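sequence first, then the predicted structure:
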Amino acid sequence: MTTVKPPGAPPAGRVLVVGGYGAVGTAVTSRLGGWFPGRVVPAGRDAERVRRLGGVRVDAGDPEGFRRVLDRLGDVAAVVLCVEPPDAEVARVCLERGVHLVDVGATAGLLDAVAGLDTVAVSAGATAVLSVGVAPGLTNLLARRAHEAVGGARRIDLTLLFGTGEHHGTDALRWTLAGLSEPVRAAPRRVRLPGHGTRTAHPFPFSDQHTLPRTLPRTLGVPRVTTRLCLDSRPLTAALFAARRAGLAGPLARPVVQRRLARALGRVRVGGDGFVVRVDAWGGGASRGDAASWGEAASWGDAAARGRRASWGDGDRHAAYALTGRGQSRVTGLVAAHAVRVLMDGALAPGVRHVEELPPLAALPESLAGHGVRLLRLDEGGLR
C-alpha cells in the first residue's frame, strides 16, 4: 500500500524505534519520549524486552513481517532504524507507505541502496535521513562546514577517537570487527586530539568518506575524504591495527567470528566513555569571499561563517573543527532524535538525503551542547 502525503505537512502518528532497547535505541526513545509523550514505540527482535517496554516485536531482516507490523499499528509516521538490516527492503516498505525514515546505519553499500529509493520516497511524500549519528553524522556536518570555510576543499580528513570503556551494542561491535577485515586504502596519520594528545589514527571504512564526495556542493569542488580511527586505549589501538597489518584480521569477515568476538568484547572495559571527532579541510586558491558567498541556505552559510579560519601553508587554506563528548552511543541516539523531531515538524521535503544535505540540521552540533557535547574551532590560536 502506498500513501501519498501533502508536501510539508507535519505528520501525526507514532514513531517506531527499531532496536529501541539497545545502546543507541534507548537514547532515541528516551529523548523522543520527552518531545512526543505516548507516541514512541520501542521495537526489536527480543519479544520479552519489548514487552517490558510496552513495545512491539519486529525483525528488520523480515520485510514482510515489518509490513504487517506497520499495518497492525496503523499510525506510524516515522521509523528509526537503530540496527542495520541486511538490505534496503525495510526502508522500501516504509517509504512506499509514506512513512518517514531515520537510518543510523554506517555501511556505505547499504546507505547507497537506500539512497536509490529517492524516487519512491518523493512519490509517496516520505523523507529518509541517512548518515545519522556521530560517524557518520556529526562528521558529515562538520565536513560540510569545513568544506565551505576553505571555499571548497581538495582534501578532508576525518579523525575519530572512541572510548573502549563504553557499553556498545553487539551490532556496533560486530560492524567494527568487520571493518578491520576490509582493504586499507590510505595511510595512518598522526593528529592531535583534544584531551588525548597526539595519536596515530588508522584508516577505517566509515561510510562518510564515501558519501561526502558526492553530497558536498560540487560548485566548491569534489574533495578526497579519508576517515581514520583510534581508541582511547593506546595498547588496544596498536594491537588491533597491528593485527590488520599482519593479515590476521581476515577471519573477522566471517559472521560467526564477529558474533563470538563481539560478545566477548562487550564484557571488556579497558578505557573511558569519551569520544573525539576532528575534521580537517584543506583547499587551494579560494578566497575568503568565495566561501562566504556560497549558500544554498542561510543556515549553512551562517554556520560556516561562525568558524571560518584560514591557515596558509604551501598555498593552501586550512579549517579544522572538533567535537568532544561522552557516550558515543548516547550521542548517536540524540542525533537521531533531533532528526526525527525535524521530520515530525514537517521541516524536510520528501526524498532521501544524507544529514549534511539538510540545512535545518546544520546547527545540530551546537544543539547538543546541553548534553555535554563541546564544539571547538581549531584555528591559528588553537589546537593544531
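Nice, I can see it.

what average pLDDT does the strand or helix carrying Val335 get?
Per DSSP states H and E, Val335 falls inside helix 328-344. The predicted model assigns helix 328-344 a mean pLDDT of 97.

need the helices for the stretch 1-150 of the chain, in chain order.
Across the stretch 1-150 of the chain, reading from the start of the chain, the helices by DSSP state H, counting those that start in this stretch fall at 23-35, 47-52, 63-73, 89-96, 108-115, 118-124, 139-149.

what lies in contact with the second one?
The contact list for helix 47-52, computed with CB atoms under 8 Å, 6 or more residues apart in numbering, reads 20-21, 42-44, 56-57. Backbone N, C-alpha and C define where each C-beta goes, glycine included.

could those go into CSV alongside neighbour count and pLDDT?
CSV is the format used below for these (neighbours: other CB atoms under 10 Å; pLDDT from 0 to 100):
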residue, neighbour count, pLDDT
Gly20, 29, 96
Tyr21, 19, 94
Pro42, 27, 98
Ala43, 29, 98
Gly44, 23, 96
Val56, 18, 97
Arg57, 15, 97
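
of the residues you listed, which belong to strands?
Among the contacts of helix 47-52, the ones falling in strands (DSSP state E) are 42-44, 56-57.

worst-scoring helix or strand of this protein, pLDDT-wise?
Taking all helices and strands of the chain together, the one with the lowest average confidence (mean pLDDT, DSSP states H and E) is helix 288-293, at a mean of 35.

what sits against Thr159?
Residues in contact with Thr159, defined by CB under 8 Å, 6+ apart, are 189, 191, 193, 201, 227-230, 276-280.

just the closest of these to Leu16, please.
Val277 (28.7 Å; CB to CB).

for that closest one, helix, strand, or coil?
Three states are possible here, and by DSSP: H, G, I helix; E, B strand; the rest coil the one that applies to Val277 is strand.

what is the burial count for Val104?
Neighbouring residues of Val104 were enumerated by other CB atoms under 10 Å; the total is 30.

could you measure from it over to Val18?
As judged by CB to CB, to the nearest Å, Val104 and Val18 stand 10 Å apart.

now list whatever residues contact both of the two.
80-82.

any of those residues buried? List them.
For the shared contacts of Val104 and Val18, a neighbour count by 16 or more other CB atoms under 10 Å gives the buried set as 80-82.

and of the contacts of Thr159, the nearest to Thr119?
Using CB to CB, Thr227 is the member of the contacts of Thr159 that lies nearest Thr119, at 29.1 Å.

that's a helix at that closest one, yeah?
No. With three-state DSSP as the criterion, Thr227 is strand rather than part of a helix.

what sits against Pro205?
Contacts were defined as CB under 8 Å, 6+ apart; by that measure Pro205 touches 108, 179, 182, 227.

mind listing what the closest residue to Leu361 other than its chain neighbours touches?
With CB to CB, 6 or more residues apart in numbering as the measure, Val355 is the residue that lies nearest to Leu361, at 5.5 Å, once sequence neighbours are left out. The neighbours of Val355, taking CB under 8 Å, 6+ apart as the test, are 129-132, 136-137, 140-141, 335, 339, 361, 364.
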